[in-house]
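> Sequence and predicted structure, then a few things I'm wondering about:
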Amino acid sequence: MFSLSLAIPMLFTMLIHAADSLSYALRLGGLRTRRIALAISLAGILLLISRTSNMAQGPMVGNLVDTATRGANPHFAAQLHWLMGAATIGTALAILCFPTMVKLSSRMVVHFEAAGSIPAMVRGMLKRSKIRNATYYITPPSWKMAKRLVQHGMPRRLMLLNVAVTAIYTTGVLSSLYAAYLYPGQAVAASQSTGLINGIATILLTILIDPRISLLSDKSLRGEIRLDRMNQIYGCMLVSRLFGTLLAQLLLIPFAYWIGWIVSMM
């Protein structure tokens with residue numbers, strides 16, 4: 001069941017979710033330095049890592065589908081659950097690296113402003129002295145940080161929405177591939193039906209989550225919200241992403257049958 005053909009896509013899945021999760025650290029670093037626009041530009045680096053990993057992951061996961069369709073992979077459903085487990089591991093690693101990444105992000109934003117471009121910033125940060133200094137910013141999570149997440153009220157509605165969006169995104173592609181396996185007569189239609197699931201997540205993210213985070217960030221820049229409160233909000237959003245990847249495990253098969261039912265009606 002567990003093989004190299006599964007381990008490599010799992011690695012890419014970890015990278016995708018870790019990079020997406022650590023984009024919160026860049027935004028928070030931008031707030032701390034009051035350079036949010038520069039921080040969003042730097043987030044493109046993580047987005048590049050995520051998209052490149054996603055491009056490499058796709059054909060590998062598709063190969064698992066082909067093998068299962070030929071009857072040579074009786075553990076296909078279990079392998080998809082392993083892939084979603086890798087998403088949870090990637091998000092958990094991002095949580096462990098989050099305090100360090102926030103501090104590094106603050107410095108990266110300042111270096112980016114001084115360098116004027118991402119290539120120049122990268123060249124400067126690859127200097128031996130800068131690499132040695134990077135160890136100064138290593139900050140492991142602490143119990144004190146965890147306690148701050150529940151102080152002054154958690155953004156429960158925002159967290160629940162983020163759990164739902166993350167769960168849908170995590171299982172969207174995999175559910176469509178499993179539907180292609182369950183309904184071989186409509187395999188192509190099922191495998192191309194990711195939008196049936198991810199479209200819901202996109203609507204929720206675009207209308208309900210991103211505008212709220214942007215509004216809170218602007219209020220923080222104007223001094224209407226304390227930076228400690230934004231630290232808490234971004235921390236809660238990261239934790240809710242973790243729970244979203246866990247919820248995705250329960251949605252894989254129901255969404256696959258839902259996709260199969262829709263494509264069979266077409």
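That came through fine. Residues are numbered from 1 along each chain as shown.
> From here on, just use CA atoms for contacts and neighbour counts.
OK.
> Do you have the helices of the stretch 1-150 of the chain handy? List them.
Applying DSSP state H, counting those that start in this stretch to the stretch 1-150 of the chain gives helices spanning 4-33, 36-69, 76-115, 118-125, 128-134, 143-148.
> tell me the mean pLDDT for stretch 60-68?
The pLDDT scores in stretch 60-68 average 78.
> picking that back up, and the helices of the stretch 1-150 of the chain as TSV, adding distance to F243 and mean neighbour count?
Listed next are these as TSV, based on distance: least, CA to CA, whole Å; neighbours: other CA atoms under 10 Å:
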stretch	distance to F243	mean neighbour count
helix 4-33	13	22
helix 36-69	20	17
helix 76-115	8	21
helix 118-125	33	14
helix 128-134	31	11
helix 143-148	16	12
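> Can I get those in JSON lines including distance to I207?
Putting those into JSON lines (distance: least, CA to CA, whole Å) gives the following:
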{"stretch": "helix 4-33", "distance to I207": "18"}
{"stretch": "helix 36-69", "distance to I207": "19"}
{"stretch": "helix 76-115", "distance to I207": "24"}
{"stretch": "helix 118-125", "distance to I207": "30"}
{"stretch": "helix 128-134", "distance to I207": "37"}
{"stretch": "helix 143-148", "distance to I207": "28"}
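> Among the ones you listed, which comes closest to S175?
Closest approach to S175 among the helices of the stretch 1-150 of the chain (CA to CA): helix 76-115, 8.7 Å.
> Return the helix or strand in this structure with minimum mean pLDDT.
helix 128-134 (a mean of 73; mean pLDDT, DSSP states H and E).
> got a list of contacts for it?
Helix 128-134 is contacted by residues L104, G124, M125 when judged by CA atoms under 8 Å, 6 or more residues apart in numbering.
> who's in contact with the second one?
Under the criterion of CA under 8 Å, 6+ apart, the contact partners of G124 comprise K130.
> what do you get if the cut-off is 10 Å, keeping everything else the same?
H111, F112, A115, I118, K130, I131 (CA atoms under 10 Å, 6 or more residues apart in numbering).
> do I200 as well
A164, V165, I168, Y169.
> That one is in what secondary structure piece?
Applying DSSP states H and E as the criterion places I200 in helix 194-204.
> Show me which residues of that helix are buried.
Under the neighbour-count criterion of 16 or more other CA atoms under 10 Å, helix 194-204 has T194, L196, I197, N198, A201, T202, L204 buried.
> how about it as PDB, C-alpha atoms only?
Only the C-alpha atoms of helix 194-204 are listed here, as PDB (Å, rounded to 0.1, in the frame of the first residue of the first chain):
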ATOM      1  CA  THR A 194     -13.000  19.500  -9.200                       C
ATOM      2  CA  GLY A 195     -14.700  22.800  -9.700                       C
ATOM      3  CA  LEU A 196     -17.900  21.400  -8.400                       C
ATOM      4  CA  ILE A 197     -16.300  21.200  -4.900                       C
ATOM      5  CA  ASN A 198     -13.600  23.900  -5.000                       C
ATOM      6  CA  GLY A 199     -16.000  26.400  -6.500                       C
ATOM      7  CA  ILE A 200     -17.800  26.400  -3.100                       C
ATOM      8  CA  ALA A 201     -14.600  27.000  -1.300                       C
ATOM      9  CA  THR A 202     -13.600  29.800  -3.600                       C
ATOM     10  CA  ILE A 203     -16.900  31.600  -3.000                       C
ATOM     11  CA  LEU A 204     -16.600  31.300   0.800                       C
END
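> pLDDT weak spots in the stretch 101-250 of the chain?
Across the stretch 101-250 of the chain, nothing is flagged by pLDDT under 70.
> neighbouring contacts of stretch 90-97?
Taking CA under 10 Å, 6+ apart as the rule, stretch 90-97 contacts 10-25, 84-89, 98, 100-101, 138-142, 235, 238-239, 241-245.
> Likewise for stretch 55-75?
Outside stretch 55-75, the residues within contact range by CA under 10 Å, 6+ apart are 1-2, 5-6, 8-13, 16, 51, 76-77, 79-80, 83, 173-174, 177-184, 187, 191.
> State the distance from I209 to L28.
With distances taken as CA to CA, to the nearest Å, I209 is found 16 Å from L28.
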